[in-house]
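1. turn this into a structure:
(3 chains)
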Amino acid sequence: MRIKLDINGLKREVEVEPRTTLLDCLRDTLGLTGAHAGCEHGVCGACTVLFDGVAVRSCLMFAVQAQGSAITTIEGVTPGPGELSPVQDAFCETHGMQCGFCTPAMILTAHALLANNPNPTRAEIVEAISGNICRCTGYAQIVEAIALAAERMRGANRPKDAHP
Amino acid sequence: MSEPGQHRYVSSDRRVREDRRFVVGKGNFVADIGLPNTKHVALVTCPYPAARIKSIDVSAALALPGVHYVLDGAELAAATLPLMTGLDTPNVPRRPLAFEVARYAGEWVAAVVADSRALAEDAAEKVKVVYEKLPFVLDAEQALEPTSPLVHQAHGSNLLLDKTFTWGEVDKDFAASPRKLSLRVKWGRSSTVPIETFGVIASWDPWRDMLDVHASIQMPRYADQIGIALKLPVSSIRVHYDVDVGGSYGVKRGIKHTVLVGYLSRRLGFPVRLIEDRLENMRGGDAHGPERLFDVEVAFDDQGIIKSMKMRALENVGAYAGRSPFQLGKPIGAIVGPYKIQSVQYRAIAVVTNKTTQEAVRGFGQAPTNVAIERTVDEVARVLGLDPIEIRRRNMIRHEEFPYTIPSGTTYDSGNYHTVIDKVLAHTSYEELKQERDALRAQGKLAGIGIAACLEPSGGNAMFEALLNPKITTTTFMDSCRITVDGVGSITATMHTTSSGQGHETLVGTVIGEVLQLDPELARVTRPDSLNSLPSGTPVGSRMAIMLGGAAFHAATKLKAKLTAIGAHDLGIAPERAAYANGEVYDRNAPEKRRAWVDLVQIAYRNFHRMPADMEPGLSVSHVMQVPTGGKLPTADGRVQMYPCTSFEFHLILLSIDPELGRPEIVKYRVGHDCGTVINPKIVRGMTMGGIAHGIGAALYEEFAYDGEGQLMAQSFMDYLLPSSHEVPAVEIIHHCTPSPHTVLGQKGSGESGYLGAPAGIANAINDALRPLGISINTLPIKVSVLGDMIAAARDNKEK
Amino acid sequence: MKAAPFEYSRPADIDEACALLAADENARVIAGGQTLVAMMAMRLARPTRLIDINRIAALAYIRQENNKEGEAVAIGAITRQCVVERDALIAKSVPLLARAIPNIGHAATRARGTVGGSLANADPAAELVLSAITLDAVIEYRADGESGESPAREFYIGPMITTLPAGAVLSGVRFPIWRGKVGVGFHEVNARRSDFAFVSAAAQVELGDDGKAKRIAIGVGAATDFPLRLESAEQQLKGGALDDAKVRAALREALADIEPLEDLHASADYRRRVAVDLAARAVADARQAAQGKSHAY
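-> Next up is the predicted model:
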């Protein structure tokens, strides 16, 4: 089937089989390999992308179902060559990763959380990432990264001379 | 060796250079690598735990459009040699595809090659295999019975290894001790289960006689093993080490996968890729971990001093041996843990069964062994009415007793166990923790404090190989680094293996920066392919900080010496009078006389006339490092120096259990950690946290459970339960640094930290919680339902 | 883990969906797909045609409907679970759902997962199914150009098995609204917090001004082939003060003869015993919540 997708703000037209998951379409057809296949049955969360701004599993959706929705991948939240989003930078600051395999999904999940909740508690961060399995870190430095990103992003919106 | 606190870059809280590519999704994972015209493999798997393959009909599969080939075990066995195994068991051959007999449910029987993975799966369903079901055995103890079905008929028994070591006067010590205690501990079959499955792409170029291999690999002698199995010179195999590995923690070995696709690519003439899907990975990826039954007996006195220990460890290795039985050997290097047990008898038994084959798992058998030791120490404390921390203090090696040689022959390098405990208890009051536990109990919960004190042997002097298989005489365990300063002065260093999240590029850069007194970011770190590499033992045995860090240190030191010699010569002074600082060489007697970095590069690359006599031009140095304390074979009585360094960890856990539901919850988690000099604090902290999370999984959630029919029940992430952020508590780490005398910066290993003690600590906490009910549990993982049923039964008994 | 090939249709309305479904006995409706796609990936489900109802806007709603049976909150089949989770009308009028839904999977699966999909899938551990049975919800469907409905308590007959007629598409569900001093309780136990429950329990209680139970509904999920209503316990407890000992005794009796599921994760004994405990906790929470209300809604 020929379908039109809105990916990272760009209109893309691709030919896919109905059985092609959104994940496989992103990776194999569109070359957006930042979304990873960890389990392909919706548990590990490594394939998370933003679907109309909401974090979803791209392995639990067929690409043909995505027509007309805005999809954001890790490639779409990266501001530009060599530049990092505040969330990405915070993950580097705390070393909120090791092998990096779950990391893009974790960062997209964090983006979705912070878009709705600029000042999350630790418990809210833990809840938000509970659907993203990380085998390396034990999550501590990931939670810290998201808290740090939230703090920096709140600060970024404050006038320079404002009191904290 | 240097003292902590005196470093410029080492131990400072610097970013990890690898992270930048990962946060933008630009890691170079194997599934991201697209070679033109690559075809895809899916596997046909055996549905039975044991079956003779009567026939394989591939016609319907081959008839599907887009399907190129179906390979069976007979063709592969005729063309390749069996895979390398650790023990001397020639009649237990291991091959990528089952040949004549399949020996576990999920074993690969045929490989389908097609234009896409989906098509390959379609075709795999069409391969018709006729099986004759055979009797099977799943349980290790049953496998030892004379009446048991044989997993490998030609081997004549299911026993792969049965070796008893006696170190010291065990019988005498037992006879002389007033008290004895025995305990049976079971470690359930679990593994590291990385989120990335194993994947490999092999591409044969017949015009260059070259097999290019991209793989998510963590395997010593990987290219050698492929070459031997495929009957190719190793110089015809080019392994690309610049592949980022999506987690491994030991298991990403993938020899069978690589031999399979390597053969297929040569046979078919195009690149062939096998990326395991999760079902293949869990059932047939041969990546399960230890499943071990311990019988421990200790002799001790009324003060709780443990004099002697007998340990029998029975390992259910699954259907094929591979390297996994060696996981019974590695713990010999720390068989007494941090304690002064003066004699030990250790019986290591490995049996084959009709379960999935094992691979190396983080700690290589040490974490299960630590559970056995630490549960036993707790039981000794319990029968004597001693506090579990007090009994550990009494038995532990004291700081002033290092270096300390344990009965099995390893000399522990350094440690300060009592101080680490003191520091943890200064951070978290033990009395207050006990009050908190008692308050939870008063609220109707079951609550317990868990202690575990254990060692992380590190450095990878893998002498257990020779100890368990006398035909192996390997005493060389290397890692290497090459540093080149190019003609315009940039620094490039090399490492010669893949990484799976350990931050090795950061490690190398930091160490080189430290030695050369230059910003570590100035040193690029690359990974040449295997044909351009120096020897590496790969990241096993918690060794890279010691071995790769050591190699980088020595190479940088050689470079510094060369720069100094060049500078001295150009300054016209004796080399001893010249000094190196911050990239420059100067005259000690007249510091204003100096040669800057650019000058030294200019001389080395373009001014041979200014070079010292007999010195190679250019600036490229390398160092191949042998493991410290290594190089000796075991003695006749089975003693040998194993790993050079021992890190220490002390876990202190408060845990509560809902008595009706049996659901445990970790309330507080503290860990004291001493891995000597920390090279990068972010990395070490992450590894410890991740190790604890993994240990929580092994203790409470994760098990490759089988049903009575030999079917793996936990074959997806629906049933194999990896801890999520909900299950991992906030952990506080209390650091201590006892530098190792054997390493260049005093560093020790930390890649297995946390995991080695967490399961023991949690098991002890649960048993402390259960104590008021008069029950105990020594089978891991300790599952909610089992715990709930036990508690209910104990309460019913109490009421009666 | 790639799905077997299938045809894909995206009907414009539910009658077109029904027609497509009637035309192919191996066709299946896909809503959120959070279970179905995983099953297809493992090839445990292999529909020949997927009928995607996600774009049928008329099936996405949460609204109050009053009819001869009384007041109800109606939820359209493709309403996302995360929408129900945050909906003000649900929080006010079907608070049990607001309590139950956060226990479904993860935020990312609730973002796609639908109410209708979960109800039609009929997993014994589904929180939505338990809620529907506990609250006497009515399942609505469409088949052959006709609308039909079934009380939830008759809809579920086995694990993953319902009485939904062949060719019918589940279109929505109505949850009756309880007025008065109403409280709810919901508890479940699992190994990890986001897993399928081993046992779940839901209770909704309306207390009279005397503090006694005017109405009470108790359900237990995940323990048996499909969630159970504990009617005998409800009858015993109705009109009483719901003190814990009596509640437990009634629940123990009601659950004595069930045939619990047994699997890798939990024994039958465990499920039977813990069902009593969790149901008692749910009732206690419901009673407490109701007591906290002077006169709610």
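
2. would you check that B:Leu279 makes contact with B:Leu712?
-> No: the criterion here is C-beta atoms under 8 Å, and B:Leu279 misses it with B:Leu712 at 9.7 Å. For glycine as for every other residue, the C-beta is placed from the backbone atoms N, C-alpha and C.

3. which neighbours do the two share?
-> Counting by C-beta atoms under 8 Å, 6 or more residues apart in numbering or on different chains, no residue touches both B:Leu279 and B:Leu712.

4. let me know the helix or strand that the residue of chain A found nearest chain B is in.
-> The minimum distance from chain A to chain B, using C-beta to the nearest C-beta, falls at A:Gly34 (2.2 Å). Element membership for A:Gly34 (DSSP states H and E) is empty, with no helix or strand holding it.

5. wait, it touches A:Thr72, no?
-> No: with the criterion set as C-beta under 8 Å, A:Gly34 and A:Thr72 do not qualify as a contacting pair; they are 10.7 Å apart.

6. angles on the backbone of the residue most central in space within chain A, please.
-> With distances taken as C-alpha atoms, centre = their mean, A:Leu108 lies nearest the centre of chain A, 1.7 Å away. According to degrees, to the nearest 10, the main-chain angles of A:Leu108 amount to phi -60, psi -40.

7. next, the contact list for the nearest residue to B:Tyr339 once chain neighbours are set aside, please.
-> Using C-beta to C-beta, 6 or more residues apart in numbering or on different chains and skipping the chain neighbours, the partner closest in space to B:Tyr339 is B:Asn395 (4.2 Å). Shown here is B:Asn395, whose contacts under the criterion C-beta under 8 Å, 6+ apart are B:Gly304, B:Ile305, B:Ile306, B:Tyr339, B:Lys340, B:Ile341, B:Val377.

8. restricting to C-alpha, output stretch A:115-129 in PDB.
-> Included here for stretch A:115-129 are C-alpha records, laid out as PDB according to Å, rounded to 0.1, in the frame of the first residue of the first chain:
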ATOM      1  CA  ALA A 115       5.600  18.700  27.600                       C
ATOM      2  CA  ASN A 116       2.700  18.100  29.900                       C
ATOM      3  CA  ASN A 117       4.400  18.300  33.300                       C
ATOM      4  CA  PRO A 118       7.200  20.800  33.500                       C
ATOM      5  CA  ASN A 119       7.900  20.000  37.100                       C
ATOM      6  CA  PRO A 120       7.500  16.300  37.700                       C
ATOM      7  CA  THR A 121       8.200  14.600  41.000                       C
ATOM      8  CA  ARG A 122      10.500  11.700  41.200                       C
ATOM      9  CA  ALA A 123       7.500   9.400  41.400                       C
ATOM     10  CA  GLU A 124       6.000  10.900  38.300                       C
ATOM     11  CA  ILE A 125       9.300  10.400  36.400                       C
ATOM     12  CA  VAL A 126       9.500   6.900  37.600                       C
ATOM     13  CA  GLU A 127       5.900   6.200  36.500                       C
ATOM     14  CA  ALA A 128       6.500   7.900  33.100                       C
ATOM     15  CA  ILE A 129       9.500   5.700  32.200                       C
END
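
9. what residues of it count as buried?
-> Under the neighbour-count criterion of 16 or more other C-beta atoms under 10 Å in any protein chain shown, stretch A:115-129 has A:Pro120, A:Ile125, A:Val126, A:Glu127, A:Ala128, A:Ile129 buried.

10. hmm, who's touching it?
-> Contact with stretch A:115-129 is made by A:53, A:106, A:109-110, A:112-114, A:139, A:142-143, A:146-147, A:150, A:153-154, B:725-726, B:730, C:107, as judged by C-beta under 8 Å, 6+ apart.

11. same check on stretch B:723-734?
-> Stretch B:723-734 is touched from outside by A:122, A:126-127, A:129-133, A:138-140, A:142-143, B:420, B:423-424, B:427-428, B:666-673, B:685, B:688-689, B:692-694, B:696-697, B:700-701, C:192-194, with contacts defined as C-beta under 8 Å, 6+ apart.

12. again, but for stretch C:82-101
-> The contact list for stretch C:82-101 (C-beta under 8 Å, 6+ apart) reads A:54, C:60, C:62-64, C:71, C:73, C:75, C:81, C:102, C:107, C:110-111, C:115, C:127-128, C:130-131, C:134-135, C:175, C:177, C:182, C:184-186, C:202, C:204, C:297.

13. from the contacts of B:Asn395, which ones fall inside helices?
-> Among these, the members falling in helices (DSSP state H) are B:Val377.

14. would you list the contacts of B:Asn395 in TSV and tack on neighbour count?
-> As requested, these are arranged in TSV below (neighbours: other C-beta atoms under 10 Å in any protein chain shown):
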residue	neighbour count
B:Gly304	21
B:Ile305	17
B:Ile306	25
B:Tyr339	22
B:Lys340	17
B:Ile341	24
B:Val377	28
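
15. nearest to chain A among the contacts of B:Asn395?
-> Using C-beta to the nearest C-beta as the measure, the one of the contacts of B:Asn395 that approaches chain A most closely is B:Val377, at 25.4 Å.

16. you'd agree the closest one is up against B:Arg393?
-> No: in terms of C-beta under 8 Å, B:Val377 does not count as a neighbour of B:Arg393; the distance is 11.2 Å.

17. nearest residue to residue 57 in space, please, no chain neighbours.
-> You didn't say which chain, so I picked chain A. Taking C-beta to C-beta, 6+ apart as the measure, A:Arg57 lies nearest to A:Gly42, with 4.9 Å between them; neighbours along the chain are not counted.

18. if you could check chain B rather than the one you did, that'd help
-> B:Lys128 (4.2 Å).

19. C:Asp13 too?
-> In this structure, C:Asp13 finds its nearest non-sequential neighbour in C:Ile56, 6.0 Å apart by C-beta to C-beta, 6+ apart.

20. ok, the one you found - contacts?
-> C:Pro11, C:Ala12, C:Asp13, C:Ile14, C:Ala17, C:Ile78.

21. of those residues, which belong to helices?
-> When those are checked against helices (DSSP H), the matches are C:Ile14, C:Ala17.

22. buried ones only from the contacts of C:Ile56, please, as a PyMOL command.
-> The following PyMOL selection, which keeps only the buried ones among the contacts of C:Ile56, applies the criterion 16+ other C-beta under 10 Å:
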select buried, chain C and resi 11+14+17+78
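
23. and which of the contacts of C:Ile56 is nearest B:Ala348?
-> Distance from B:Ala348 was checked for each of the contacts of C:Ile56 by C-beta to C-beta. The minimum falls on C:Ile78, at 59.0 Å.

24. hang on, isn't the closest one packed against C:Tyr61?
-> No: shown here, C:Ile78 and C:Tyr61 do not form a contact pair, counting by C-beta under 8 Å, at 9.3 Å.

25. using CSV, write out every CA atom in stretch C:276-283.
-> Written as CSV, here are the backbone C-alpha positions of stretch C:276-283 (Å, rounded to 0.1, in the frame of the first residue of the first chain):
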residue,chain,number,x,y,z
VAL,C,276,-10.4,-12.7,49.4
ASP,C,277,-7.9,-10.3,50.7
LEU,C,278,-7.9,-7.9,47.7
ALA,C,279,-11.7,-7.9,47.6
ALA,C,280,-11.8,-7.1,51.3
ARG,C,281,-9.3,-4.3,50.7
ALA,C,282,-11.4,-3.0,47.8
VAL,C,283,-14.6,-3.1,50.0
